[in-house]
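Enquirer: Curious how this folds, go ahead:
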Amino acid sequence: MDKIVGRKKSYLAMKTDSVAATEFINSDLKEIGNAVKKLANHAVKLGGLGFGTLFLKWLASFSAIYLLILDRTNWKTNILTSLLIPYIFLSLPSLIFNLLRGEIGKWIALIAVVLRLFFPSRFPDWLEAPGALILLIVVAPGFFADTIRDSWIGTLICLVIGCYLLQEHIRASGGFRNSFTKSNGISNTVGIVLLLVYPVWALILYIL
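Expert: Below is the predicted model of the structure:
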């Protein structure tokens, strides 16, 4: 009789241990699942922010190129638009920057130098700024091309350039209201404002 009672107690103890182990495993699995969900949510959020930054970087670069084209065509002001060259250098997406920094950029720079030196009549004035940009990309030391471009310092420089161009454009237009109402004023103002969006957003992410 005592043996039977002992066996029952042993069986109940084993059953209790088995239930406890199952509950412990289930609890661990739930914690792992929650951790995976949190990790996935953070990854999605960071991925979205990264995509937003990349999109704004492309937008800012093309806005700077657009303003540079306007300056060489019908946007004749006393604004120091040559600052758009370092802005494009610092904000140009890596895909295009690395392409121009390679052999393709070297060939373009060589042709531009040869034309400028030996065939100046065939080298129009509107090509000087793009030629300077290509030369800057090709010959820039790694400290500027890699370290400064990919740091908050380069982003801050872009912000300073954008703020300077905006206030100079407003001053040249005769005020904030005129910058939106004069001929070509809206497109120029919007283009300059877009120069500010990327560095402001990027600096906020650096701070966060």
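Enquirer: Now do the helices in the chain.
Expert: Along the chain, the stretches classed as helices by DSSP state H are 2-73, 84-91, 94-101, 103-118, 128-139, 142, 152-173, 178-181, 185-207.
Enquirer: And the contacts of the second one?
Expert: This points to helix 84-91. Contact with helix 84-91 is made by 57, 60-61, 64-65, 67-68, 71, 129, 132-133, 136-137, 140, 144, 148-149, 154-155, 157-158, 161-162, 165, 195, 198-199, as judged by C-beta atoms under 8 Å, 6 or more residues apart in numbering. Any C-beta I mention is one placed from the backbone N, CA and C, and that applies to glycine too.
Enquirer: before we move on, the earlier item: comparing the helices of the chain, which gets the lowest mean pLDDT score?
Expert: Across those, helix 2-73 has the smallest mean pLDDT, namely a mean of 60.
Enquirer: phi, psi of Asp150?
Expert: phi -100, psi 20 (degrees, to the nearest 10).
Enquirer: Please name the nearest non-neighbouring residue to Leu67.
Expert: Nearest residue to Leu67, sequence neighbours excluded (C-beta to C-beta, 6 or more residues apart in numbering): Gly191, at 4.8 Å.
Enquirer: Likewise for Leu115?
Expert: Once flanking residues are discounted, Leu115 sits nearest to Phe123: 4.5 Å by C-beta to C-beta, 6+ apart.
Enquirer: Report how many residues lie close to that neighbour.
Expert: Number of residues near Phe123 (other C-beta atoms under 10 Å) recorded here: 17.
Enquirer: which residues sit in contact with it?
Expert: Ala112, Leu115, Arg116.
Enquirer: Make a PyMOL selection of whichever of those residues turn out to be buried.
Expert: Buried members of those, identified by 16 or more other C-beta atoms under 10 Å, are gathered into one PyMOL selection as follows:
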select buried, resi 112+115
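Enquirer: of all the contacts of Phe123, which comes closest to Leu205?
Expert: Using C-beta to C-beta, Ala112 comes nearest to Leu205 of the contacts of Phe123, at 35.9 Å.
Enquirer: could you list every residue that touches the nearest residue to that closest one once chain neighbours are set aside?
Expert: Leaving aside its sequence neighbours, Ala112 sits nearest to Gly131 (C-beta to C-beta, 6+ apart; 4.0 Å). Applying C-beta under 8 Å, 6+ apart to Gly131 gives the contacts Ala109, Ala112, Val113, Arg116.
Enquirer: If anything else comes up later, I'll come back, but that's it for now.
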